[in-house]
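Q: I'll drop the sequence and a predicted model, then ask my questions.
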Amino acid sequence: MSTARLTGILVRLKLSLLRGGLRRSGGRTAVFVVSLVFASLAAAGLLLGLVLLRGHAQAATVAVLLAGVLAAGWAVLPLFFPGGDETLDPSRLVMLPLRPGPLVAALLGASVVGIGPLVTLCLAVGAVLAVAHGAAAAVAAVAAVPLLLLVCLALARAVAAANIRLLTSRKGRDLALLSGLLIAVGLQFLNFGLQNLGRAGGLSALRPAAEVVGWLPPAAAVAAVDAAGEGAYGEAAARLLLTGLALAGLLWWWQRSLTRLMTSPDSSTLGAAPTRDRSSSGLHRLLPEGRTGAVVLRTLRYAWRDPKTKGAWVTALAIGLIVPVLNALQGTGSVYFACFGAAMLGMLTYNQFGQDHSGFWMVAQTISTARDAYQELRARALAILLVTVPYTVLVAAVTAAVMDRWDAVPEVVGLSFALLGAMLATGALASALFPYSIPQDSAYKNVAPGQGAIAWLSLGGGLVASLVTALPVLALAVWLHVSGSGALWTVLPAGAAYGALTAWAGVRLAATRTADRLPEILAAVTRG
């Protein structure tokens, strides 16, 4: 079969997959249409902005760096959104009589179809228009635009093919769930960088970085257009040649990965590795016997093994540290922002039974009295505390070190403990009174259809109730500040004691509700 014919078949296959997915779900159709509209508007806005940048002294700097960021995005996105394009998985074509060479060319041609390639094409055109001056630059631009587009597409496909076994495994799904975390972290660093850029003198401060990125494909293609416009024809040819060689190298890597994928066995055809009993080692030996130790160990194992639970834990840990520290580095924060770390982990206590999903029926079988429910909820709270207590101290210490406010550490830790105890109390109550289901078949949907209002009531109401519950310790800290007392350190023991008391009271109260509402909780968490 010729490459052109195979390309046409794969393009039609991709369009058929798209049509089939849209027909299957009205919600998916709406999301696709909204994504298409917003992507088109964003691409048109960026294209217009780059065109208006034409003639600016730093136009080349912006265009080159934008091309570099674009390529980095294409390299990373397949690792975090492997389900976004069914044709990214070449293992679906393993049983077909296709050779890797023609298959690579056909898949590359089919890759041009989609919203992402359309946005990339607009950005590529805008980047070269911003720097193209003269006939030589126009000739270079004719080669630069398709080179930039093809390098981005080949990079994404080569990365996906090389890591397809990982992306289709449980670890790959874990990685996809962390995408939201990395985006949030990236936005924080981007905000920090933009603020420093404004203080450093504007876009001219980025010129050294652009000079380096300008020799890295595919940004080198944009830099080649700029060089051709300035009369440096040899440099322009070298940058275009470098981009072409990069494209050839990516296609070779892609073809090699396809060959290995089509000829080597996967784990499903190999014998399972022997496992060893871990019940008598590690953390299990440090936990108390009975229900408490078993529930703590189960909760921590869920946090490590379940993709959604792991994503929630890692997001809370990272954001809880990044927000106060970055604000402190920017000089706009406060040492009291360290309480944000305890709040992020405290939010994990809401909808505890929903995190079990259908597995909650096994938990319900072990609860026959309010005392059983109390032991269950207490052990879950203890699992949270094992991580949150040292983490809270760490966040407070790091924030204080950045701001040179070591004297405020006891007060901040005490306030954090009071808030954490309040959130453990309200979280246990919310889990019993407002449980909801967390869909397991979707990496990004955290509430079952029809339960959104319950989720907002559980989380929003719980946060407000926690803040109100922690007010006595906050009032104590304010009074000590106003009175000028040197006993601010007393907020630490007072906050720890108050947090422990409120957590105990909340768990006791929630235990009765849990024991009385087991059928309702099971029905709510297994919905959808």
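A: Noted; the coordinates are in hand. Numbers count the residues shown, from 1 in each chain.

Q: where does the stretch 201-350 of the chain have low pLDDT?
A: The model of the stretch 201-350 of the chain has pLDDT under 70 over residues 201-205, 262, 264-284.

Q: kindly recompute the last result at 50.
A: Filtered on pLDDT under 50, the stretch 201-350 of the chain yields the residue ranges 268-281.

Q: same thing with the stretch 51-200 of the chain?
A: In the stretch 51-200 of the chain, residues with pLDDT under 50: 82-84.

Q: in it, which spans are helices?
A: With helices called from DSSP state H, counting those that start in this stretch, the stretch 51-200 of the chain shows them at 59-80, 100-110, 115-131, 135-162, 164-167, 170-177, 179-200.

Q: now the longest helix along the chain: buried residues?
A: For the chain, the longest helix by residue count, based on DSSP state H, is helix 370-403. For helix 370-403, a neighbour-count test (16 or more other CB atoms under 10 Å) marks 370, 372-389, 391-393, 395-396, 398-400, 402-403 as buried. For every residue, glycine as well, the C-beta is placed using N, CA and C.

Q: and if you look at stretch 124-138?
A: Applying a neighbour-count criterion of 16+ other CB under 10 Å, one finds 124-132, 136-137 buried in stretch 124-138.

Q: how far does that stretch sit from the chain's center?
A: 35 Å (CA atoms, centre = their mean, to the nearest Å).

Q: again, but for stretch 61-74
A: That offset, for stretch 61-74, works out to 21 Å (CA atoms, centre = their mean).

Q: contacts for that stretch?
A: 50, 53, 56, 116, 120, 123-124, 126-128, 130-131, 148, 151-153, 155-156, 203-204, 206-207, 209-210, 213-214, 216-219, 221-223, 226 (CB atoms under 8 Å, 6 or more residues apart in numbering).

Q: give me that answer again for 6 Å
A: With CB atoms under 6 Å, 6 or more residues apart in numbering as the contact definition, stretch 61-74 has outside contacts at 123, 127, 130-131, 152, 155-156, 203, 206-207, 210, 213-214, 218-219, 222-223.

Q: just the buried members of these?
A: Applying a neighbour-count criterion of 16+ other CB under 10 Å, the buried members of the contacts of stretch 61-74 are 123, 127, 130-131, 152, 155-156, 203, 206, 210, 213-214, 218-219, 222-223.

Q: quick check: the farthest pair among those?
A: Ala156 and Leu203 (28.4 Å; CB to CB).

Q: Leu471: neighbour count?
A: Using other CB atoms under 10 Å, Leu471 has 12 other residues around it.

Q: so how far is Lys14 from it?
A: According to CB to CB, to the nearest Å, Leu471 and Lys14 sit 57 Å apart.

Q: and what of Leu147?
A: Look at Leu147 and Lys14: by CB to CB, they are 23 Å apart.

Q: neighbour count winner among these two?
A: Neighbour totals were compared for Leu147 and Lys14, and Leu147 leads with 23 against 19 (other CB under 10 Å).

Q: would you map the strands across this protein?
A: With strands called from DSSP state E, the chain shows none.

Q: give me the domain ranges for it.
A: For the chain, the structural domains run 3-190+199-264, 286-525, going by automatic domain parsing.

Q: endpoints of the shortest one, how far apart?
A: One end of domain 286-525 sits 31 Å from the other (CA to CA, to the nearest Å).

Q: Thr332: neighbouring residues, count only.
A: 10.

Q: need the phi and psi values for it.
A: phi -110, psi 0 (degrees, to the nearest 10).

Q: quick one: it from Met362, how far?
A: As judged by CB to CB, Thr332 and Met362 stand 48 Å apart.

Q: can you check Gly506 too?
A: 24 Å.

Q: over to Ala220?
A: Distance, Ala220 to Met362, using CB to CB: 58 Å.

Q: look at these two and report which has more neighbours.
A: Taking neighbours as other CB under 10 Å, Ala220 and Met362 compare with Ala220 leading, 28 against 10.

Q: what residues are up against Gly134?
A: Gly134 makes contacts with Gly229, as judged by CB under 6 Å, 6+ apart.

Q: which residues touch Val393?
A: Contacts of Val393 (CB under 6 Å, 6+ apart): Val413.

Q: per-residue confidence at it?
A: Per-residue confidence at Val393 stands at 92 (pLDDT).

Q: Val131 against Val225, yeah?
A: Yes - when contacts are counted by CB atoms under 6 Å, Val131 is listed as touching Val225 (5.2 Å).

Q: buried set for stretch 57-71?
A: 58-68, 70-71.

Q: so which pair among those is furthest apart in space?
A: Gln58 and Ala71 (20.1 Å).

Q: for the residue nearest to Ala425 when sequence neighbours are not counted, grab the count of nearby residues.
A: Residue nearest to Ala425 in three dimensions, not counting chain neighbours: Gly506, with 2.2 Å by CB to CB, 6 or more residues apart in numbering. By other CB under 10 Å, the residues close to Gly506 number 26.
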